[in-house]
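[1] Everything below, folded, please.
(one chain, ligands or ions: 2)
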Amino acid sequence: STSAFIFDLDGVIVDTAKYHYLAWKKLANELGFEFTKEQNELFKGVSRKRCLEILLDIGGVTATQEEFNKYMIEKNEDYLEYIEKMNESEILPDVPKVLDFLKENNIPIALGSASKNARPILEKVKLLSYFDAIVDGNDVTKAKPDPEVFLIAANKLETSPEKCIVFEDAVAGIQAANNANMVSIGIGDAQILSEADHNFNDFTEMSLDFLKSLMSPEA
Ligand code: G6P
Ligand code: MG
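    Ligands and ions are numbered 1, 2, ... in the order given. So this is what the prediction gives:
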């Protein structure tokens, strides 16, 4: 089988962390406490449900099941208002360069994200057509660092895990890729993503020769 590339979404293709942050902060403030950018770091790669559990913990707030569900909906509705206004300008630097290069080399591309909003976001920034498979928060039962999301992606691309290369900005995402026996590439702070096989601050630092070196010979 041929090599394949799997991209995380938030923090790798688009910088949506800032919108997640604003929506969680609004909820926290309504519930009477502060939520900082530093605390938001803990939310990267983490499911919406788990984020809310952590948020309520931070605020020392207890919620009934009904309230919990209401907060989940409220946060997502706020987040969707930001997503609605997104366009191509919010694609992170050199992402199209990498996607185009992979396409030119006939390399299969998948999305592997915890987000349930992945498709609308890819549509907004006009990148949906690049992806041969999309695996998102609607398809998985186990969260990163469990390898499930990436294993489903490999399966959909009809390739084996060892032939897959994963781009991730979250520690849990790098661990998920490692747990899947895939090549893990950290996009972001190399100190935080030290478990990755390779590290880059962003795609502008990644050469096409490096990408080529990751592709298997028959590709
Ligand atoms: C990504 C983000 C997380 C977010 C999760 C769920 O993994 O990094 O911060 O909580 O997706 O996103 P959703 O759009 O389903 O609320
Ligand atoms: Mg991410």
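[2] How much space separates the one residue in the chain that gets nearest to ligand 2 from Leu157?
    Among the residues of the chain, Gly11 lies nearest to ligand 2; the distance is 3.7 Å by CB to the ion. Every residue, glycine included, has its C-beta placed from N, CA and C. Separation of Gly11 from Leu157 (CB to CB, to the nearest Å) stands at 22 Å.
[3] which one of the two has more residues nearby?
    Leu157 (23 against 20; other CB atoms under 10 Å).
[4] could you list every residue that touches that one?
    By CB atoms under 8 Å, 6 or more residues apart in numbering, Leu157 lies in contact with Ala4, Pro108, Ala110, Asp132, Ala133, Cys164.
[5] could those be laid out in JSON lines, adding neighbour count, secondary structure and pLDDT?
    Shown next, in JSON lines, are the contacts of Leu157 (neighbours: other CB atoms under 10 Å; DSSP: H, G, I helix; E, B strand; the rest coil; pLDDT from 0 to 100):
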{"residue": "Ala4", "neighbour count": "28", "secondary structure": "strand", "pLDDT": "98"}
{"residue": "Pro108", "neighbour count": "24", "secondary structure": "coil", "pLDDT": "98"}
{"residue": "Ala110", "neighbour count": "25", "secondary structure": "strand", "pLDDT": "98"}
{"residue": "Asp132", "neighbour count": "17", "secondary structure": "coil", "pLDDT": "98"}
{"residue": "Ala133", "neighbour count": "18", "secondary structure": "strand", "pLDDT": "98"}
{"residue": "Cys164", "neighbour count": "26", "secondary structure": "strand", "pLDDT": "98"}
